[in-house]
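K.L.:
any chance you can model this:
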Amino acid sequence: MRVTYLYTATATLADGAAVEQNFGGCDVTVMGGDQIRHIYNFMGTVNILNTSQDSGLNALNIGCPDEVGEPFTHRRTSRPDNDHRRHQEPQKLGWVAKRKRMKELEELLKSPFEKIGFQNARAMLTELQDLKGAVNTDILLKVTECEMHLQSEKAHSSTNNLQDYICNAESKSSSTVLKMAAAMYNDKCYARAVIFFKISHELRKHEKRKDQGKEPKWIGDRVADIYRANEAMVDVGGSYRKIVVNYGVKYMEDLLDDLRRTIPCESRALEEASCLVNLCAIRLRISEYKKSIEHAKEGIHLLVRYFKESAATYKRYAWLHYDLGLAYHATGQRSKAKEVYQTAIAAAKTSVNYEQIDRKRFVEITEKMIKKLS
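P.N.:
So this is what the prediction gives:
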């Protein structure tokens, strides 16, 4: 395949005549001499073919690396009497400059993105990817993180591109991606951890597994993982809090929807209730009280439907009432808040799933909340 360029060359012939030609990737023929001595103002590769010494015909072939000829790659800017000077080849010079720029970008990107700005970081990552001429997980992940911080419409498509690359180009398993997510969380890279927790679940959905009965537990654990990362980002604040609002909570709800597509059973009901506890709690942290009330009521009704009178023996039941009380309290519904707080205390005292120290701490915290209502 020929790449087309547009250049202007000046050829000085043996008899001293000068011929200027415009060419764009096609052969240029210069008549009037037995050879072409010099070419000025040119950046590129020229093959000089002495096709006919007798007739004095010379051909300039531009951008044709597959043709036979004498390569002429120097940039001639000097007069003919300075031919002895050594000139660098543009292709090698370009590669050196490219390598230098890549090192500069990699060094700059070692700084926290909050310091250099997420928009600047995204631009540098895109440039680095173009210079490398290939994608990799690290660049795709960091670009996705920047898109999230900037609340860009491309955030979801960037996440999908990252997922496709991990799945198809690198063939990583869900367990491998999960370990990477846990490492990111431990390194306090919470946004990246959320992305990878979500991707680990998406990869697992497409894996053929013999332990399909463990899917509710897997999904419940991933919702809990994303909740912890979301909670940490809310504490950090700023654009991290916006990531939780725009993406983190949505990821938790997506996993809950997948959980509800599994076979109904008591273990699934318990995991679903756990997911609703975490959703209710994170909604409280971002001041979405109406949604928090909806999640709490949904979880309570779910447990009652499956376990009847014994629903109160599960600590999820107590926590759902406690979170519901917080939401009522925050919205000024004080009498309702006091009522559900008292129900939460009663459930905690009868729960068989509580360690004694946890039960005592829960009761003390809830009683303090009741006192604040007075």
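K.L.:
where is the longest helix in this protein?
P.N.:
helix 215-236 (DSSP state H).
K.L.:
what segments of the chain are strands?
P.N.:
7-13, 18-23, 28-30, 36-40, 46-52, 57-62, 70-72 (DSSP state E).
K.L.:
where in the stretch 251-374 of the chain is pLDDT low?
P.N.:
Along the stretch 251-374 of the chain, segments meeting pLDDT under 70 are nowhere present.
K.L.:
would you map the helices across it?
P.N.:
Secondary structure of the stretch 251-374 of the chain by DSSP state H, counting those that start in this stretch: the helices cover 266-285, 289-307, 315-330, 334-350, 356-373.
K.L.:
export those to TSV and tack on distance to residue 177 and mean neighbour count?
P.N.:
Backbone N, C-alpha and C define where each C-beta goes, glycine included. Conversion of those to TSV gives the following (distance: least, Cβ to Cβ, whole Å; neighbours: other Cβ atoms under 10 Å):
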stretch	distance to residue 177	mean neighbour count
helix 266-285	20	22
helix 289-307	27	18
helix 315-330	28	24
helix 334-350	37	18
helix 356-373	32	13
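K.L.:
adding distance to residue 220, write these out as JSON lines.
P.N.:
Formatted as JSON lines, the helices of the stretch 251-374 of the chain follow (distance: least, Cβ to Cβ, whole Å):
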{"stretch": "helix 266-285", "distance to residue 220": "4"}
{"stretch": "helix 289-307", "distance to residue 220": "13"}
{"stretch": "helix 315-330", "distance to residue 220": "11"}
{"stretch": "helix 334-350", "distance to residue 220": "20"}
{"stretch": "helix 356-373", "distance to residue 220": "19"}
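K.L.:
tell me which of those helices lies nearest to residue 167.
P.N.:
Comparison of the helices of the stretch 251-374 of the chain against residue 167 by Cβ to Cβ identifies helix 266-285 as nearest, at 24.7 Å.
K.L.:
how much space separates residue 121 from residue 321?
P.N.:
From residue 121 across to residue 321, the span is 44 Å (Cβ to Cβ, to the nearest Å).
K.L.:
again with residue 97
P.N.:
Residue 97 sits 65 Å away from residue 321, going by Cβ to Cβ.
K.L.:
hang on, the earlier thing: what angle sits between the longest helix of the chain and helix 266-285?
P.N.:
10 degrees (axes from the mean of the first three to the mean of the last three Cα atoms, to 10 degrees).
K.L.:
return the list of helices and strands in contact with helix 215-236.
P.N.:
For helix 215-236, the elements it packs on are helix 174-186, helix 190-205, helix 239-243, helix 249-259, helix 266-285, judged by 3 or more Cβ pairs under 8 Å, 6 or more residues apart in numbering; DSSP states H and E.
K.L.:
which elements pack onto the fourth one?
P.N.:
The reference is to helix 249-259. helix 190-205, helix 215-236, helix 266-285.
K.L.:
can I get those helices in TSV with distance to residue 168?
P.N.:
Formatted as TSV, these follow (distance: least, Cβ to Cβ, whole Å):
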stretch	distance to residue 168
helix 190-205	11
helix 215-236	22
helix 266-285	30
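K.L.:
ok, which of the ones you listed comes nearest residue 302?
P.N.:
Residue 302 sits nearest to helix 266-285 of all the helices and strands packed on helix 249-259, at 5.6 Å, using Cβ to Cβ.
K.L.:
OK, contacts around the nearest residue to residue 283 once chain neighbours are set aside?
P.N.:
Excluding its sequence neighbours, the residue lying closest to residue 283 (Cβ to Cβ, 6 or more residues apart in numbering) is residue 292, at 3.8 Å. The contact partners of residue 292, by Cβ atoms under 8 Å, 6 or more residues apart in numbering, come to 280-281, 283-284, 323-324, 326-327.
K.L.:
adding distance to residue 301, write these out as a markdown table.
P.N.:
Shown next, in a markdown table, are the contacts of residue 292 (distance: Cβ to Cβ, whole Å):
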| residue | distance to residue 301 |
| --- | --- |
| 280 | 13 |
| 281 | 18 |
| 283 | 17 |
| 284 | 19 |
| 323 | 14 |
| 324 | 12 |
| 326 | 19 |
| 327 | 16 |
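K.L.:
of these, closest to residue 175?
P.N.:
residue 281 (27.0 Å).
K.L.:
against residue 228, how distant is the closest one?
P.N.:
Separation of residue 281 from residue 228 (Cβ to Cβ): 11 Å.
K.L.:
next one: residue 208
P.N.:
From residue 208 to residue 228 the distance is 29 Å (Cβ to Cβ).
K.L.:
who has more neighbours out of the two?
P.N.:
Using other Cβ atoms under 10 Å, the more surrounded residue of residue 208 and residue 228 is residue 228, with 17 against 5.
K.L.:
number of nearby residues for the spatially closest residue to that one that is not a sequence neighbour?
P.N.:
Counting by Cβ to Cβ, 6+ apart, residue 185 is the residue found nearest to residue 228 once chain neighbours are left out, at 7.2 Å. Residue crowding around residue 185 was assessed by other Cβ under 10 Å; the count is 20.
K.L.:
again with the one 3 residues further on
P.N.:
Residues within reach of residue 188, counting by other Cβ under 10 Å, total 11.
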